[in-house]
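Trainee: need coordinates for the below:
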Amino acid sequence: MIIAFSVTPLGVGEEVGEYVADAVRVVRESGLPNRTDAMFTTVEGDWDEVMDVVKRAVAAVEARAPRVSVILKADIRPDVTDGITSKVATVERHLAAG
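Mentor: Take a look at the predicted model:
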């Protein structure tokens, strides 16, 4: 499964990068395939391990912020691996073909 999620600390002002970095650090240290962009962090693995990483990432932000907002989107496809890379590669192949 692939999870794209965003963790936003509330009540800490407009500069939230250091809080978001705490969440991203948890994801990167998990060892699961992941990618972070300007809006979401995407992580791939089985249900339990991915949800555990999301929970720990949220907890890392929650430890420093009075309130936390989470947005989560899931693509659940059993027996599919490397979806983070292969889905983008498919789109790029179509773009290259014109």
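Trainee: SS state for the spatially closest residue to residue 56 that is not a sequence neighbour?
Mentor: Closest residue in space to residue 56, ignoring its immediate chain neighbours: residue 26 at 4.9 Å, by CB to CB, 6 or more residues apart in numbering. Glycine gets a C-beta too; all of them are placed from N, C-alpha and C. Classification of residue 26 using DSSP: H, G, I helix; E, B strand; the rest coil returns helix.
Trainee: show me what contacts residue 26?
Mentor: 53, 56-57, 60 (CB atoms under 8 Å, 6 or more residues apart in numbering).
Trainee: strands of the protein, residue ranges please.
Mentor: When secondary structure is read from DSSP state E, the chain shows strands at 2-10, 34-36, 41-44, 67-75.
Trainee: quick one on the thing from earlier: how much space separates the residue nearest to residue 56 from residue 98?
Mentor: 41 Å (CB to CB, to the nearest Å).
Trainee: so for the protein, the centremost residue is which one?
Mentor: residue 41 (2.7 Å; CA atoms, centre = their mean).
Trainee: pick the most deeply packed of the strands of the chain.
Mentor: strand 41-44 (a mean of 22; mean count of other CB atoms under 10 Å).
Trainee: helices or strands up against that strand?
Mentor: strand 2-10, helix 17-29, strand 34-36, helix 47-62, helix 83-97 (3 or more CB pairs under 8 Å, 6 or more residues apart in numbering; DSSP states H and E).
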